[in-house]
Every structure is written in structure tokens, then in C-alpha cells.
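**Student:** Provide a 3D model corresponding to the input given below.
(2 chains)
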Amino acid sequence: MDASDPLTMGNAIVTLDVLHSGVIWHWYVTMNFWAKSVATGVVLLLPFLLTKFEAPKLRLQAALVSVVFINITLLFTVLDLHQPFRFWHIFAYTQTRSVIALGAWLLTFFNFLGMGLAAAAYLKKDALFDKLLPVQWVLAFFATIYTAGLLGQANARELWHAPTETAQMLLAATLAGSALFLIIGAGGEQARRPLAQVLGLSAFVSATIFVAELVFGPQKSEEAAHLVHILVSGELSAIFWTGLVVGLIVPIGLVLAGGKKPNQALMIGAGVAGLAGLWLLKHAWLIAPQLVPLS
Amino acid sequence: MNLGFLVDLDLCIGCKGCEVACKSENNVPVNSWRLRVKYVDFGVFPEVKRTFTPMRCNQCSNAPCERSCPVEALHTLDNGIVNVDKDRCIGCAACMMACPYGAIYMDPETNTADKCTYCAHRTEAGLEPACVVVCPTEANIFGDLDDPNSKIRKYIHSHSDTRVRKPEKGTKPKHFYTGAGAIHLEPGSSRREEGQNLFGNIGKLDKIGGH
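**Tutor:** Got it, this is the predicted structure:
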């Protein structure tokens, strides 16, 4: 009988070890992911709305929402640090191979340009706003997907290396952006249907990827399979499935129920459900890999 | 110079002397560990065995912790040791997310990341790490991997069963084991049951660092 014999391994049990360090990146980081999806999502959708509909307050609404939510993102990012008063080290001692460092610069530029856009919208300088918007759109795109790179650098956490992570980040942004626009009624009645379509389509594609990848897809390693089990039928299944149903299935249902002329209350409901469910999904995704001992 | 470690698990008796020496040498706080010895039991009574596996930072050549650190608090020294600058660290825990070996902890007193540095302060002065000095069976072998005459290099060459943990992660660890099986090195090979540990039934830490 030796320790490498597979037949003995089923009986192996850890009888003395240090304590598991538990969840280190907790709901503050979930807030970061969630709020960033809203902040970048509204910017990603704004050019589409501006070319289709002439709504007087649309620029200001979008810019303000984006600035508020990117500052929520930054606030929770700093609060999550164990040394929050040293956050400036990221800018003073930037390590250029670190996606966190690159993301910090990206979000900072996004924030400042967002404030500039809000000021331009407030002062009714629409021409200036429209010139700056393409730059902000590019920043929003990279600010959306950089989180996939950040999770990809977490070498220890198998689940976060899912090949569809970047796609899910973009879908979360379009879902969150359209949901928030629907809640505040941006673009007026005429924009409601196309926004609902973006919300419903984002939710449908995201749900399809989740189910295809987690329920039917093969996993590349034993560890990844274990993490998927935790999400789909284990410790976090209640959060995960509630998030999937509330955040993705319910909005699809409400958008379909709304038909060609969706009413405002129904779409507000779809938006709120989308945002609430997205938070739960992001949270379950964040927590799952931290529940498993690494050694 | 390229410093590395090897543990001959056939020699380790699980006395935890290395664990205690490390704590003492580096003032490691309560509930935190730079080096630990994991016990795993296997088999069916009366055919049962207990394994002992000392675990510490692998000082990877391709260190994911160093790559993910946004402020270069984790950095590789000329002798190959991955060191931590606690004054630079912002406590983002990205390194803890990146390390596949769970070797990094958040120091609850300084609120910064910390880990085994192969006793960098001792090696700089030409001394061996505290865990090496204290080991009663000389199971811990430490030295320069670039030196063909070093004990560690000769040990690796003369033991065909030399292994590292999680080679599939591509981290190129410089911490080796001989006499190791899956139960020693692969966390998925053994199960953990809360309440079944030798010295207590606490499964997880409630609190680390400043949160």
C-alpha cells in the first residue's frame, strides 16, 4: 500500500492541517464587478441610442449614471484593500504585467473622461460630447473586458479561466446598461422596445453560455469539475440558480410578455430583475473557487 | 545562484519542528503559516498509514503571484527567491488568488501579504533557513540549483521520483519532493471532514487581515 496507489486514495482523509483561509475576495469585489458592468454598459449602448433617438436628456442621464457607478466600483475596490490608504501605490509603482494595475489606470481615465462628458452634457455642449464619446466607448470596452484578464491571472482559480469569460463580461455590460436605461426611462417611450430587445438578447445569450458550459460542457480538470459542481448542485447552487432565473430568465420572459409595445412598469421590473440577478451570478462566480483548499 | 528546496518525504517524521522554527524565526502571527506540515491518513484498518507533507512557498521561476501584484511588492531576488516588500503591499490579495499552492497569507497584524522567503534574511548572511537547521532527520534539503556540486542538485539527479506540485500550472516551482504520491501533493486526492481533525473542529478562519 503506498500513497500513489489510486485504490487507496478514496480512503485518504486530511487529519491535521492549518485552517482554510476562507473567502478573501468577498462581496466588495462583487460590487466592483456589478457596478462596473452598469458604468461601462450605458456607455457601450449610448451611441446606438443617440443615432436612433433624439432625447434631450439622454447624454446627461447616461454620463451621470456612468460616473456614479464607476465611482461605486472604485470605492469598493479601495475598500477591499487591506491597506486602503496605500491605494496610490498602484499609480506610483505600477507593475505593467499586472492586469489589476492596468485596470486601475483604465478605470481612472474612464472616470475622468466620464466627468468631462457629464460636464459637457450639463453645459449642453453636444458637439464636444459627441467628439469625446468614441474615446469613452473604447475605454468602456476595455474596462469591461479587463476583468476577464484579471480573473485569468488568478492562476489558482480554475473556474475563472472559462474561455467564455470575456463574452460573459460584455454580455453583463449590455444587460446592465440596458436594464438601467429601462429603469430610468432613458430615451423615452420610443427607446423602450430596442432597449428591451438588448436586455432580452443579452440575457438569452448569457444564459445559453452558462447552461452549455456548466451543465452540458466537459470540464478541463478535476478541480474545474468540482467547482462547477459547487455552483450547479452544491454549496452555491441556490445563489447561482436564483441569479440565473431572476437575472436572465425573468427578464427574457418580461421582454417577451411586453411584445411590440412594452409598458414602462413591466420593463422597470425586467431591469430590476436583471440587475439583481446579475449581482447574484457574479457573486456565486466569485466565491466558488475560494471555497476549495489549494493544497 | 538559483536557490531551491527539496523535501525527502521518506525521511520526514511529521514532528513539525520546521513549522515551529519557521514561526519563531519569522514572527509569524497566530493563525498564519509560512510553512505547514499536512497529515493525511489512508487505507482501511488495520492497513492504515499516515503521510506527512511539509508545504511552503515554491519560489516559482514563473511566479503568478509576482505577475499579478499591481505594485511589485512581490519581486524575485538575484538568488531566485520571490520576496515580499511589506511596505509596498496594498493588501489587494491578488497574489493569494494567483498562487496555486495556497502559500500566501494576509498577515493580520500588518494587513499585508506574506509568505515563506526561504528565510531570505538568513540566506543573505550565508545561513540556512531555520526549517533546514532544525530538521532532526535532514529531510529538508536546501541549496543552489545551478551548482552541480550542491547537495540538492545531486539529490535531484539521484532520485528519479523527484516531483513538484501542480506542474500543469506552468509555474516552474523550485520546491521538489521525493517519495511523494498523489496523496501528498494533490489536494483533490484526500477529503477534508469538518470535526474530524486531530486537534479541533474548526474548518475555516472567520477573519483575516483588516476585514
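**Student:** wait, what's in contact with the residue lying closest to A:Ala118 once chain neighbours are set aside?
**Tutor:** Excluding the flanking residues, the one nearest A:Ala118 by Cβ to Cβ, 6 or more residues apart in numbering or on different chains is A:Ala63, at 3.9 Å. Using the backbone N, CA and C atoms, a C-beta is placed for each residue, glycine as well. Going by Cβ atoms under 8 Å, 6 or more residues apart in numbering or on different chains, A:Ala63 touches A:114, A:117-118, A:120-121, A:129.
**Student:** in stretch B:167-180, what counts as buried?
**Tutor:** For stretch B:167-180, burial by neighbour count (16 or more other Cβ atoms under 10 Å in any protein chain shown) applies to B:169, B:171, B:173-180.
**Student:** how would you label the residue in chain A that chain B sits nearest to: helix, strand or coil?
**Tutor:** Proximity of chain A to chain B (Cβ to the nearest Cβ) peaks at A:His82, 2.6 Å away. With DSSP: H, G, I helix; E, B strand; the rest coil as the basis, A:His82 sits in coil.
**Student:** where along the stretch 101-250 of chain A do the strands fall?
**Tutor:** With DSSP state E, counting those that start in this stretch, there are no strands along the stretch 101-250 of chain A.
**Student:** Sorry, slip of the keys, the one I care about is chain B.
**Tutor:** B:3-8, B:36-44, B:47-55, B:74-76, B:82-84, B:105-107, B:112-114, B:140-144, B:175-178 (DSSP state E).
**Student:** Between those strands, which one is closest to A:Val99.
**Tutor:** strand B:74-76 (14.8 Å; Cβ to Cβ).
**Student:** Burial check on B:Gly80, number of neighbours?
**Tutor:** By other Cβ atoms under 10 Å in any protein chain shown, the residues close to B:Gly80 number 18.
**Student:** That one: what's it in contact with?
**Tutor:** For B:Gly80, the contacting residues are B:1-4, B:59, B:61, B:145, B:174, by Cβ under 8 Å, 6+ apart.
**Student:** Kindly recompute the last result at 7 Å.
**Tutor:** B:1-3, B:59, B:174 (Cβ atoms under 7 Å, 6 or more residues apart in numbering or on different chains).
**Student:** Equivalent analysis for A:Thr144, please.
**Tutor:** Residues in contact with A:Thr144, defined by Cβ under 7 Å, 6+ apart, are A:40, A:169-170, A:173.
**Student:** swap in B:Asn83?
**Tutor:** Counting by Cβ under 7 Å, 6+ apart, B:Asn83 touches B:75, B:77, B:117, B:120.
**Student:** Sort out which of those are buried, if you could.
**Tutor:** Buried by 16+ other Cβ under 10 Å: B:77, B:117, B:120, out of these.
**Student:** hang on, the earlier thing: tell me the SS of the residue nearest to A:Ala118?
**Tutor:** Once three-state DSSP is applied, A:Ala63 turns out helix.
**Student:** how near is it to A:Gly103?
**Tutor:** 21 Å (Cβ to Cβ, to the nearest Å).
**Student:** was I right about A:Leu74 contacting A:Leu106?
**Tutor:** No - A:Leu74 lies out of contact with A:Leu106 (Cβ atoms under 7 Å); the separation is 11.4 Å.
**Student:** More neighbours: which of the two?
**Tutor:** Higher neighbour count among A:Leu74 and A:Leu106: A:Leu74, with 20 against 17, using other Cβ under 10 Å.
**Student:** Read off the pLDDT value for the residue of chain A closest to chain B.
**Tutor:** Listed pLDDT for A:His82 reads 96.
**Student:** That one and B:Asp107 touch, don't they?
**Tutor:** No - contact between A:His82 and B:Asp107 fails when scored by Cβ under 7 Å: they sit 8.8 Å apart.
**Student:** Could you check how far A:Gly116 is from B:Lys151?
**Tutor:** 63 Å.
**Student:** So those two - more neighbours on which side?
**Tutor:** More neighbours surround A:Gly116 than the other of A:Gly116 and B:Lys151, with 17 against 14 (other Cβ under 10 Å).
**Student:** give the contact list for the residue lying closest to the more buried one once chain neighbours are set aside.
**Tutor:** Counting by Cβ to Cβ, 6+ apart, A:Gly116 lies nearest to A:Leu132, which is 6.4 Å off, once chain neighbours are set aside. Residues near A:Leu132 by Cβ under 7 Å, 6+ apart: A:113, A:116-117, A:120.
**Student:** what's the pLDDT at B:Lys207?
**Tutor:** 54.
**Student:** nope, A:Gly269 is what I meant
**Tutor:** 97.
**Student:** in what helix or strand does it lie?
**Tutor:** Secondary structure from DSSP states H and E places A:Gly269 in helix A:264-287.
**Student:** how about that helix against chain B, any contact?
**Tutor:** No - applying Cβ under 7 Å from any Cβ of the partner chain, one finds helix A:264-287 separated from chain B by no less than 10.1 Å.
**Student:** From A:Ala120, how far out is the residue nearest to A:Gly116?
**Tutor:** From A:Leu132 across to A:Ala120, the span is 7 Å (Cβ to Cβ).
**Student:** Output the below-cut-off pLDDT ranges for chain B.
**Tutor:** Along chain B, the parts satisfying pLDDT under 70 run over B:195-211.
**Student:** Let's see that with 50 instead.
**Tutor:** B:209-211 (pLDDT under 50).
**Student:** Which helix in it has the most residues?
**Tutor:** Assignment by DSSP state H gives helix B:17-26 as the longest helix of chain B.
**Student:** which parts of it are buried?
**Tutor:** Residues of helix B:17-26 classed as buried: B:17-19, B:21-23, B:25-26 (neighbour count, 16+ other Cβ under 10 Å).
**Student:** A:Pro134 - how many residues pack around it?
**Tutor:** So A:Pro134, with other Cβ under 10 Å, has 10 neighbours.
**Student:** can you give me phi and psi for the residue nearest to it when sequence neighbours are not counted?
**Tutor:** Taking Cβ to Cβ, 6+ apart, and ignoring the residues beside it in sequence, A:Pro134 has A:Pro47 as its nearest neighbour in space, at 7.7 Å. With angles defined as degrees, to the nearest 10, A:Pro47 sits at phi -60, psi -40.
**Student:** shouldn't A:Pro47 be in contact with A:Gln136?
**Tutor:** No - counting by Cβ under 7 Å, A:Pro47 does not reach A:Gln136; the two are 9.8 Å apart.
**Student:** More neighbours: which of those two?
**Tutor:** Under the criterion of other Cβ under 10 Å, the comparison of A:Pro47 against A:Gln136 puts A:Gln136 first, with 25 against 14.
**Student:** Who are the contact partners of the more buried one?
**Tutor:** A:43, A:113-114, A:117.
**Student:** got CSV for those, with distance to A:Gly187 and neighbour count too?
**Tutor:** Output for the contacts of A:Gln136, formatted as CSV (distance: Cβ to Cβ, whole Å; neighbours: other Cβ atoms under 10 Å in any protein chain shown):
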residue, distance to A:Gly187, neighbour count
A:Val43, 14, 29
A:Leu113, 22, 20
A:Gly114, 19, 29
A:Leu117, 17, 27
